[in-house]
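Asks: Okay, here's the prediction I keep looking at, along with the sequence it came from:
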Amino acid sequence: MLDKNGIAKRIAREIKDGMYVNLGIGIPTLVANYIPEDIQVVLQSENGILGMGPFPYEGEEDPDLINAGKQTVTLLKGASIFDSAMSFGMIRAQKVDLTILGAMEVSENGDIANWKIPGKMVKGMGGAMDLVASAKNIIVAMQQVNKAGESKLLPKCTLPLTGVRCVKKIVTEMGVYEIVPEGGFKLLERAPGVSIEQIRKATAGKLIVEGDIPEMVI
Amino acid sequence: MLDKNGIAKRIAREIKDGMYVNLGIGIPTLVANYIPEDIQVVLQSENGILGMGPFPYEGEEDPDLINAGKQTVTLLKGASIFDSAMSFGMIRAQKVDLTILGAMEVSENGDIANWKIPGKMVKGMGGAMDLVASAKNIIVAMQQVNKAGESKLLPKCTLPLTGVRCVKKIVTEMGVYEIVPEGGFKLLERAPGVSIEQIRKATAGKLIVEGDIPEMVI
Amino acid sequence: MKNKVFKDAAEALHDIKDNVTIMFGGFGLCGIPENCIAELVRKGTKGITAISNNAGVDDFGLGLLLKTRQIKKMISSYVGENDEFERQMLSGELEVELIPQGTLATRCLAAGYGMPAIFTPAGVGTEVAQGKEVRKFIFNGQEKEYLLEYAFEADYAIVKAWKGDTMGNLIYRSTARNFNPLMAMAGKITIAEVEHLVPAGELDPDQIHTPGIYVHRIFQGKNYEKRIEQRTVRKRN
Amino acid sequence: MKNKVFKDAAEALHDIKDNVTIMFGGFGLCGIPENCIAELVRKGTKGITAISNNAGVDDFGLGLLLKTRQIKKMISSYVGENDEFERQMLSGELEVELIPQGTLATRCLAAGYGMPAIFTPAGVGTEVAQGKEVRKFIFNGQEKEYLLEYAFEADYAIVKAWKGDTMGNLIYRSTARNFNPLMAMAGKITIAEVEHLVPAGELDPDQIHTPGIYVHRIFQGKNYEKRIEQRTVRKRN
């Protein structure tokens, strides 16, 4: 089983040189720590940054410079700032190559739910609906089972949807999955030490296992 | 009869302090010369200027700074530059208080034709269609009769239209007219020395003359 | 020139009545019109419909107007940082309309650019699409469904900029830009508070983010607290 | 990082084939990509569909590509300054689509902002509206008719900026901005020529007009003529 950092490390391997990437809150934010040093990636933050850098050194926080998670950040050389309409404009126009975000549920046809638990949690969707509706490549970083031990990879989402048929890939503590066009979680890789049997038990939706499934390289 | 400068002078009296004004090519451009010195007006040029100033002094022309008529101009203090989408955005959003432009024909219901003579002149509409479709107040500066002596204030336009039911006021060498909602050129003022009879002959569309018609004050 | 410069928030907001719709610039606590929010609390303006990406925190930003129950309805994309908000919302005291962040931004842009409606794929197939017109377009090489969303119109837009001049031109600083330029364009009356008010002619025309034509009132703000919501730092090594 | 910097126009335009759609930034002769136009003349690329507000003059700007018959179709708002253009158009040699200037600008913006279509009142009731969908909206206190106009997509957008950096960020100077930032956002491949190419980090992030994400290739242009179309001056007194 991977921990959060393990999931982030595995996702970092999906990032290629020259990509523009939007990282959501939570595990996706950790991905930035594992981007190989020999490639250059431009991080987009949907409140209006291209070229987001790491957190500032203590004492150098600038209240006017935050990311979409409201955290103080810095800018890298070559960064640019823009308003929220342009920010979501470039997202809708698919100029952002890769979007990585968390989820509460994903269904076997690629639907995602991550913004609302009726009667309970009402934080709002923020930019997630725009991101999932537009991104050309979406990877979901999530725990495969909830605290009650129930699978979050489902035949159909039970929570209100954030977007439909949009997720391309999922990385969890147990494996890497691709959503196939005809519907189903196609297992691509197992986390170190995790068996197919364990994965089967933790996948409520249709699991597709074809041939030998390699262990992840992290 | 007024000359071009006379028409421009009369139109200048329509401009009030604090207005944002777009001046078209031709007679409208001359209006800038007659804006009273005790009021401040911001001129918009639809290629992307607010706060357009006079022509530059000889030797100070900047090829990067032109107006919508492609003439070299200057900027006044407090000017701003923006792209063409924002420029027409503020026009569509009716932030520009007054648009003054020329016309080849105006009809009694406020239609205007000023961009095309089929088979002959094909310059294009430029920004005129945007301006007339959006402006909250449009004044047309034009000659009332063409070179053949025919009226250009018509029951219906004969040339391809630039916009429909949009002209509010017309200033010609002979008079000032308001387009009334039910249709018709309502004579508001006569040019110095011009008789109602002369105006009648030069108005092919429905002319409305009610009560005494004062002479223009210029 | 008709004077756009006002002395302070009290003067600039002098005519705001109860039950109006107000857009508030800012993202989280970043780039929010602190002076105007404080003045609205002082005035006690009631029944506000607030269009703002976020709802502030319990004791700062729009949270101050929520605490005093001055806000009747919130139109936002994310309100997660405010417990009082969540309480009022779940109890039904506060009317809330949650809309996607990009939709919110673009509906403001649409108003500022005189476009009555826009098309966006955000929310297609979700509860956000309920009752809305869905339309297919082929664009960018794909056939896809889009929602028709209407331009936002507001009685007032209240924004915060870094620098402004006496003609109403505005320049924002860093990510304090966010929704401010969009809302500045969308208000029937737009009021800008700025950290530095300068005479016309001191700002570079090429660098102005919001041209003065969109701004009706401007004043020099004071005592900016600029509270940080998530202070994240790294240690020097 | 994948390198966006090219040596010159020849390198930056290396893959342009015949019969493509190209957007050209500029208004009149102001802010036009002089180096790229010259290179297209040299290459002899044929069958170009050009989206450009104007058509240049007889011997400069896009007029150079018209003279050599490299342009099959022009999509413009105003072409009044070019006699050769008028001749080719009236004789039917050149296909021409004239559209309102604001519609042209906004259709580029729409593409850059991922919106498949927009609504504009420009052209309602005129021949521009023929065959187009007309729709009524109540907006800004009025009921009014609008045309549905589609986003412009182009194989290439070729723009000219004043300064650019190695990440593709662009800053325009004065009214040479015009259509350039809009077209920069709308090209499948966007090529920028700049007067001053600087290393990443030298441009102020708050002042960038076109973020580098929209720009695929950039090069330092040379020998800018910047011809003035209407030299209007006043005498010193």
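Replies: Sure, I can see it. Note that the structure is predicted; figures quoted are calculated from it, not measured. Numbering: from 1, shown residues only, chains lettered A, B, ... in the order given.
Asks: so residue A:146 touches residue A:152, yeah?
Replies: Yes - taking CB atoms under 8 Å as the definition, residue A:146 is a contact partner of residue A:152 at 5.9 Å. Yep, even glycine has a C-beta here, placed from its N, CA and C like the rest.
Asks: Compare those two (neighbour count), which wins?
Replies: Taking other CB atoms under 10 Å in any protein chain shown, residue A:146 and residue A:152 do not tie; residue A:152 has more neighbours (25 against 12).
Asks: in the lowest-mean-pLDDT helix or strand in chain C, what's buried?
Replies: Taking mean pLDDT, DSSP states H and E as the measure, helix C:83-90 is the helix or strand of chain C with the lowest mean score, a mean of 83. The neighbour-count criterion (16 or more other CB atoms under 10 Å in any protein chain shown) identifies C:84, C:85, C:86, C:88, C:89 as the buried residues of helix C:83-90.
Asks: Residue numbers of chain C in contact with chain B?
Replies: Applying CB under 8 Å from any CB of the partner chain, we find that chain C lies next to chain B at C:1-2, C:111-115, C:165-167, C:169, C:185, C:199-201, C:203, C:205-206, C:208, C:211-214.
Asks: hmm, which of these are the buried ones?
Replies: Buried, going by 16+ other CB under 10 Å: C:111-115, C:165-167, C:169, C:185, C:200, C:203, C:205-206, C:208, C:211-214, out of the residues of chain C next to chain B.
Asks: near chain D, which of the residues you listed show up?
Replies: Within the set of these, contact with chain D (CB under 8 Å from any CB) is found for C:113, C:114, C:115, C:205, C:206.
Asks: Dump these to TSV, plus distance to chain A, secondary structure and pLDDT.
Replies: What follows is those, written out as TSV (distance: CB to the nearest CB, whole Å; DSSP: H, G, I helix; E, B strand; the rest coil; pLDDT from 0 to 100):
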residue	distance to chain A	secondary structure	pLDDT
C:113	9	coil	98
C:114	14	coil	98
C:115	12	coil	98
C:205	19	helix	98
C:206	15	helix	98
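Asks: and which of those residues is nearest residue C:96?
Replies: Distance ranking of these against residue C:96, using CB to CB, places residue C:115 first at 26.1 Å.
Asks: any idea how far residue B:76 is from residue C:170?
Replies: Distance of residue C:170 to residue B:76, computed by CB to CB, to the nearest Å: 18 Å.
Asks: What's the mean pLDDT across the helix or strand that contains residue C:149?
Replies: Per DSSP states H and E: residue C:149 is located in strand C:142-150. Averaging pLDDT along strand C:142-150 yields 97.
Asks: residues of that strand that come out buried?
Replies: For strand C:142-150, by 16+ other CB under 10 Å, it's C:144, C:146, C:147, C:148, C:149, C:150.
Asks: how about it, does it get close to chain A?
Replies: No - Strand C:142-150 does not reach chain A (CB under 8 Å from any CB); its nearest approach is 8.6 Å.
Asks: got the CA coordinates for that strand in PDB?
Replies: Below are the C-alpha coordinates for strand C:142-150, written out as PDB (Å, rounded to 0.1, in the frame of the first residue of the first chain):
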ATOM      1  CA  GLN C 142     -14.500  17.600 -30.400                       C
ATOM      2  CA  GLU C 143     -18.300  17.500 -30.200                       C
ATOM      3  CA  LYS C 144     -19.300  18.400 -26.700                       C
ATOM      4  CA  GLU C 145     -22.200  19.700 -24.700                       C
ATOM      5  CA  TYR C 146     -22.200  23.200 -23.200                       C
ATOM      6  CA  LEU C 147     -24.500  25.100 -20.800                       C
ATOM      7  CA  LEU C 148     -25.900  28.400 -21.700                       C
ATOM      8  CA  GLU C 149     -25.200  30.700 -18.700                       C
ATOM      9  CA  TYR C 150     -26.300  34.300 -18.400                       C
END
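Asks: With neighbour numbers in mind, choose between residue C:170 and residue B:76.
Replies: Ranked by neighbour count (other CB under 10 Å), residue C:170 and residue B:76 place residue C:170 first, with 28 against 19.
Asks: Could you count how many residues lie near the nearest residue to residue C:148 once chain neighbours are set aside?
Replies: Excluding the flanking residues, the one nearest residue C:148 by CB to CB, 6 or more residues apart in numbering or on different chains is residue C:133, at 4.1 Å. By other CB under 10 Å, the residues close to residue C:133 number 11.
Asks: Just the residues contacting the strand holding residue C:149, thanks.
Replies: C:103, C:106-107, C:110, C:116-125, C:128-129, C:132-138, D:116, D:137 (CB atoms under 8 Å, 6 or more residues apart in numbering or on different chains).
Asks: list the contacts for the residue nearest to residue C:99 when sequence neighbours are not counted?
Replies: Leaving aside its sequence neighbours, residue C:99 sits nearest to residue C:77 (CB to CB, 6+ apart; 6.0 Å). Neighbouring residues of residue C:77 by CB under 8 Å, 6+ apart: A:124, A:125, A:126, A:127, C:53, C:54, C:98, C:99, C:100, C:101, C:103, C:104.
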